[in-house]
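Peer 1: Need a 3D model of the following:
(2 chains)
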Amino acid sequence: MTGLLAMFRRLEGPQTAGRGPAFWGLFALVLAAALAYPQFSDGYTVGNTVYFFVWVFIALSLCLIWGYGGSLSFGQTAFFGIAGYGYGILTINFGSAYGFTLVALVAAVAIAALFAVLLGYFMFFGRIAGVFLGIVTLAVTLMLERFMAQTAGPEWHIGTARLNGFNGMSAMPPLTIPWPGEPIVLFADVGLYYLVLGLLVFVYLALRILMNSSFGNVIVAIRENPERAEMLGYDIRKYQLITFVIGAALAGLSGVLYTVWGQYITPSSMGMTAAALPLIWVAVGGRSDLTSTVIGTLVVLAAFQALTIYGSQYALVFMGVLLVLTVLIAPNGLVLGVMNWLGRIATRLTQRAG
Amino acid sequence: MSLLELRKLNKHFGGLHVTNSVDLTLHAGEIHCLIGPNGAGKSTLFRLILGEHHPGSGDIVFAGENITALKSFARIHRGLSVKFQVPGVFKGLSVRQNLEIALQSRHRGRELEAEIGRLLAFLGLESEQAQIAGNLSHGQKQWLEIGMAVSLKPRLLLLDEPTAGMSPEETHMTGEMVQRLNADGMTVLAIEHDMAFVRQVAHRVTVLHLGQVFAQGSIDEIVADERVAAIYLGQAHA
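Peer 2: I've put the predicted structure just below:
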C-alpha cells in the first residue's frame, strides 16, 4: 500500500514539468474531452486522430533515450519497422482467432525489444557514444529499409506472409478482442481510438513515474555527466541499455499500432525521412520533458498534415525550417519554453496573492 | 597498514611514457598529497587508480585486493571515490538532486532526506539546495562535488586539485573539511598545487616528475630538498 502510494507520488518530480492541482485538473479535463470526443465526430476524423496518437509512442521513445538519456538515436524507426513487420508476419500466418492479434502485438514489441538488446549491448558495452551512436542507429535503420526494399520477389516470404518489397505488406487482420458471441474487431475508428488512448495515458503516466524514480535520476545524471555518474558507482552501460530497450519497445508499439491502423507497412517507414521526422517533433516540443513531447508531436503532426493537404511538397521544407527555428529560438523546445513561461507566471501570481 | 599499493605501474600514450614504473604505498588513515609540475603524470595516475585508463603493466592493490582489471564502477563499490579536477557536478540539475543521485543507492525515503540535509549542512550549501548546480560559484561547485564524493563513505578519497580557483579563505575551509573527513577515518590522496593547502593538511607528500616518483616525505623534507626545488618549487621563484 505504501509502496503504491510512493509510486503515485513519483507522478510529480524534478524530471517532469507540471505539478499540483492546476496541472492535474487540466490533465483530467483534457482526458475527459479526449474520451468524449468520438461522440461528437465522424469515424474518419476519429481514425485520423488515432493516426496522430500512434506516432506519439515513437516520439516518447526518443524523448526517453535522447531527451532524458542524452543518447541521440537516429534509428527508432528500425524498431518501428521490425515490430510492424513482426505483427504482419505473425497475424498473416496465424490469423486473428482466440485473441491471437493481441498476442502478436506483444510478441512483435518483444521482438523489437530483443533486437534492441543485441544492438544496444554492442553499442553501450562497446562505449559508443555521442554522434557515433546516431550514425550507427541511422545506418541500422537504413540498412533494414534497403533490405526490405529488395524483397519484392515471391521467394521472399515467411510462411504465408509475402514481404513484398517496396509494395509493402498488407492485409494483416486488425486487432481483435475475443468475445462471447462475436469477437470485437478494432477497426481504425472509435474502437481502436479508445485502445490507443488508453495505452497512451498508461505509457505517459508510467514514464512520468519511471523518470522521477531513482532510475530516472541516474538516466539524467548520465546525460549531464557520464563520467561522474560512473564514479558514483553506477554501471552506466546497464542503465543506458535498459533505457534503450524501453525506448525500442515504445517505438515498436508505434510500429504495431501503425500497421494495425492502416493494415499496411512498407520499407519506407524505416527510411531517411521517416527516421528524421520524429527528431523534429521531439526537438520542437521539448525533448527533455514528456508532456512537451506529447503536445509538440500532436501539434506538429496536425500542422504537417494540414500543410501536406494544402501546400503539398512544401510541408517537408517547412519541417526543416521549423527545426532550424527551434534550435535558434528555443533550443530546449518551443512547447517546453511556453510551459516554463506559464509556470513562472503562475508562481508569480500565487506569490502576489500570498 | 597499507590501503592502496601501486606496484611498478606503467602507462604509455604512444611514445610518451606518462607513468614510469611508479611504486606508491598509501597508509590507511593518512592524508597524502601528490605534487609535481604540469605534465608530471598526476592526473593520469588518478585515472589509472580509478580504472579510466588501464596500465600497460603493473598492479593496483586496494585493501589487499588486486583491482587492476576491475571496471571503474566496481572500484567505487570497493570503497574508492573521486572529485575531478574540473568540477564534475550535474550542471543542469539542482544541488539537492545532485546529492540525491549520489546518495540514493545507499539510502531511501526519510533516511535519504535526512542524509541529504546532513550533507547540505556539512557543505554549507543549505540555502543553495534548489539552485541549479551550473549556476553555483566555482568554489561551491568544488564543494558540491566533494560532497558527492564523500557521500559514498569511501575508504579512500581521491581529490584532484580540490582548491583550484578558490580564494585563500575558501582554500582554508576546504582544508578543514578534508581534515574533518580524515578525523572520521577517511584516507585521502590529493593532487594539489596550492602549497598552503598541502602544508595545512598533508601527512606525507610525494613528488611526481616525468612520470616517476621523484621524492617522498613530510612537507618540510620536501621543501628542504634542493633537487625538488630545482624541478618544481624552484621554478616558482625563478
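
Peer 1: what residues go with each domain of chain B?
Peer 2: Chain B breaks down into these domains under automatic domain parsing: B:2-89+B:136-237, B:90-135.

Peer 1: Any chance of these in CSV with mean neighbour count, mean pLDDT and distance to chain A as columns?
Peer 2: In short, each C-beta sits where N, CA and C put it, glycine included. CSV is the format used below for the domains of chain B (neighbours: other C-beta atoms under 10 Å in any protein chain shown; pLDDT from 0 to 100; distance: least, C-beta to the nearest C-beta, whole Å):
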stretch, mean neighbour count, mean pLDDT, distance to chain A
domain B:2-89+B:136-237, 18, 92, 4
domain B:90-135, 18, 94, 4
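
Peer 1: I'd like those domains written out as TSV, with distance to A:Thr91 added.
Peer 2: Below are the domains of chain B laid out as TSV (distance: least, C-beta to C-beta, whole Å):
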stretch	distance to A:Thr91
domain B:2-89+B:136-237	43
domain B:90-135	43
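
Peer 1: among those domains, which is nearest A:Ser41?
Peer 2: Nearest to A:Ser41 among the domains of chain B is domain B:90-135; the distance by C-beta to C-beta comes to 41.3 Å.

Peer 1: Up against chain B, what does chain A have?
Peer 2: Residues of chain A found near chain B (C-beta under 8 Å from any C-beta of the partner chain) are A:6, A:14, A:214, A:217-218, A:220-221, A:223-225, A:227-236.

Peer 1: Just the buried ones among these, please.
Peer 2: A:14, A:217-218, A:220-221, A:223-225, A:228-236 (16 or more other C-beta atoms under 10 Å in any protein chain shown).

Peer 1: mind listing what B:His107 touches?
Peer 2: Applying C-beta atoms under 8 Å, 6 or more residues apart in numbering or on different chains, one finds that B:His107 lies in contact with B:Ala114, B:Glu115.

Peer 1: same thing but 7 Å
Peer 2: With contacts defined as C-beta atoms under 7 Å, 6 or more residues apart in numbering or on different chains, the neighbours of B:His107 are B:Glu115.

Peer 1: Equivalent analysis for the one 5 residues further on, please.
Peer 2: By C-beta under 7 Å, 6+ apart, the contact set of B:Leu112 is B:Glu100, B:Leu103, B:Gln104.

Peer 1: CA atoms only for the host helix or strand of it, dumped as CSV, please.
Peer 2: When elements are assigned from DSSP states H and E, B:Leu112 belongs to helix B:109-123. Coordinates of each C-alpha in helix B:109-123 appear next as CSV, following Å, rounded to 0.1, in the frame of the first residue of the first chain:
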residue,chain,number,x,y,z
GLY,B,109,12.8,7.5,1.9
ARG,B,110,13.1,9.5,5.1
GLU,B,111,16.6,8.3,5.7
LEU,B,112,17.6,9.7,2.3
GLU,B,113,16.1,13.1,3.1
ALA,B,114,17.9,13.2,6.4
GLU,B,115,21.3,12.3,4.7
ILE,B,116,20.8,15.0,2.1
GLY,B,117,20.1,17.5,4.8
ARG,B,118,23.2,16.4,6.8
LEU,B,119,25.4,16.7,3.7
LEU,B,120,24.0,20.1,2.8
ALA,B,121,24.8,21.4,6.3
PHE,B,122,28.4,19.9,6.1
LEU,B,123,29.0,21.6,2.8
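
Peer 1: downstream neighbour of it in the secondary structure list?
Peer 2: Following helix B:109-123 in sequence, per DSSP H and E, is helix B:138-150.

Peer 1: circling back to that earlier point, which ones among the residues of chain A next to chain B map onto helices?
Peer 2: A:6, A:214, A:217-218, A:220-221, A:223-224, A:227-230, A:236 (DSSP state H).

Peer 1: Just say helix, strand or coil for the most centrally placed residue in chain B.
Peer 2: Relative to the mean C-alpha position of chain B, the nearest C-alpha, by C-alpha atoms, centre = their mean, is the one of B:Leu159, at 1.5 Å. Three-state assignment for B:Leu159 (DSSP: H, G, I helix; E, B strand; the rest coil): strand.

Peer 1: Next up, the contacts around it.
Peer 2: The contact partners of B:Leu159, taken as C-beta under 7 Å, 6+ apart, are B:Lys83, B:Val188, B:Ala190, B:Ile191.

Peer 1: The third one: helix or strand, and which one exactly?
Peer 2: It stands for B:Ala190. Under the assignment here (DSSP H and E), B:Ala190 is part of strand B:187-191.

Peer 1: for the very next helix or strand once past that strand, packing partners?
Peer 2: Moving toward the C-terminus from strand B:187-191, the next helix or strand (DSSP H and E) is helix B:195-201. Counting contacts by 3 or more C-beta pairs under 7 Å, 6 or more residues apart in numbering or on different chains; DSSP states H and E, helix B:195-201 packs against strand B:31-35, helix B:168-183.
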